[in-house]
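Trainee: got a sequence here, can you model it:
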Amino acid sequence: MDKKTGGRYMEPITYFQAIDNRIEEHETTKEIYTQLKGEEGERIVKSILDQGLKLNYEYNLRLDIKNKVQIDFLVVDDEKMINLEIKHYHGDYYIVDNQMKNSYGNIFPTPFQQMRRAEYELEMMKSKLHINREIESYLIFTNPTFTIHTEIPNRNQVLLPTELHKIPKLFKNYKTHENKSILNKIKTLQQDFSQIYPKSLIPFAKITPGLRCPHCRKVGHINIDERMRHGQCMYCSTTTTRQSLYLENLKELYVLKNEPFTLKEAEAWCGGNRYAINTLKKKVVIHFIIIYDSSID
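Mentor: Numbers count the residues shown, from 1 in each chain. Now for the predicted structure:
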């Protein structure tokens, strides 16, 4: 049970993905959209790391030896532990007086400061676990629209969006068993930050219901009726089976409500199609621990 939300604890990205396009973007939801954009960049890097490299790495490593840090990727190779800090910034940026400034006039610390903080925590981890590997860090910008107009400090530690093909060349991975053993030792220090991430949940009443396309993630554009086995998204033209469409959207309802739901709530969430919800009742009960509601029979 998550004491902060009153429901079960979930991985933050699960919540952020489920709420995408279901809330209006404003100041109170800016953090959620920032983390969603960050996850886009992490998915890009993860897909590169998983392309046949057979690397030993941990994704979203959470440590709290001297300071709480969350490391996007930590790769253990034959000689080093490589810390990858991922940023999915979009648009034009400038580095002025050790701060970053974007074209909208927003000013914030450079990611190098965050990277150094992670390195310090990793040094503490090395000492605690008696690991003999050097620490190396890289700052990776993944958004193709990202452009920086000033000189980049520590340029040898930075990969721009046009340089993502260089990522596999950063690693040597011949001592696979030894590297895996070290990574497993590191994972014993993994911390639970459930009281921190996410900082809060959006009130359920403020979340937009309706069928969301699994492909383009737009809400309210699915064309489906009781005679159709498939639904088509009028926004991106993708066709999805009725069963997959409803199960995916009910999964999102379960995540966003952060507790079991009734069949009547499921019907309202999916646009009032009582027949479709009833045909899926057994699967829904198995998947989402739905609360039985006799009024829907």
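Trainee: which ones are touching Leu53?
Mentor: Pro168, Phe171, Asn173 (C-beta atoms under 8 Å, 6 or more residues apart in numbering). C-beta: built from backbone N, CA, C; applies to glycine.
Trainee: dump these to CSV, plus distance to Tyr138 and secondary structure.
Mentor: Formatted as CSV, the contacts of Leu53 follow (distance: C-beta to C-beta, whole Å; DSSP: H, G, I helix; E, B strand; the rest coil):
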residue, distance to Tyr138, secondary structure
Pro168, 13, helix
Phe171, 11, coil
Asn173, 16, coil
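Trainee: quick one: which of the residues you listed is most hemmed in?
Mentor: Ranked by the number of neighbours (other C-beta atoms under 10 Å), those place Phe171 first, at 19 neighbours.
Trainee: contacts only, for that residue.
Mentor: Counting by C-beta under 8 Å, 6+ apart, Phe171 has contacts Leu53, Leu55, Val75, Asp77, Ile82.
Trainee: which of these lies closest to Glu163?
Mentor: Ile82 (15.5 Å; C-beta to C-beta).
Trainee: is the closest one in a bridge, and if so with what?
Mentor: Val75, Glu136 (DSSP bridges).
Trainee: now do the one 4 residues further on
Mentor: Residues in a beta bridge with Ile86, per DSSP bridges, are Ile140.
Trainee: related to what we said a few turns ago, looking at the contacts of Leu53, which is nearest Ile277?
Mentor: Distances from Ile277 to the contacts of Leu53, taken by C-beta to C-beta, are shortest for Pro168, at 46.3 Å.
Trainee: what segments of this protein are helices?
Mentor: 12-19, 30-49, 111-129, 176-187, 242-257, 263-269, 274-279, 281-288 (DSSP state H).
Trainee: make JSON lines out of those helices and add distance to Arg62.
Mentor: Formatted as JSON lines, the helices of the chain follow (distance: least, C-beta to C-beta, whole Å):
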{"stretch": "helix 12-19", "distance to Arg62": "11"}
{"stretch": "helix 30-49", "distance to Arg62": "14"}
{"stretch": "helix 111-129", "distance to Arg62": "10"}
{"stretch": "helix 176-187", "distance to Arg62": "10"}
{"stretch": "helix 242-257", "distance to Arg62": "21"}
{"stretch": "helix 263-269", "distance to Arg62": "32"}
{"stretch": "helix 274-279", "distance to Arg62": "38"}
{"stretch": "helix 281-288", "distance to Arg62": "27"}
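Trainee: could you dump the contacts of Leu53 into JSON lines and include pLDDT?
Mentor: JSON lines is the format used below for these (pLDDT from 0 to 100):
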{"residue": "Pro168", "pLDDT": "95"}
{"residue": "Phe171", "pLDDT": "96"}
{"residue": "Asn173", "pLDDT": "93"}
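Trainee: of those residues, closest to Met234?
Mentor: Pro168 (39.9 Å).
Trainee: for Gln17, state which of the contacts of Leu53 is nearest.
Mentor: Once C-beta to C-beta is applied, the member of the contacts of Leu53 that ends up nearest Gln17 is Pro168, at 26.8 Å.
Trainee: one step back: wait, which of the helices of the chain is closest to Gly91?
Mentor: helix 30-49 (11.6 Å).
Trainee: which of the helices of the chain sits closest to Thr150?
Mentor: helix 111-129 (13.6 Å).
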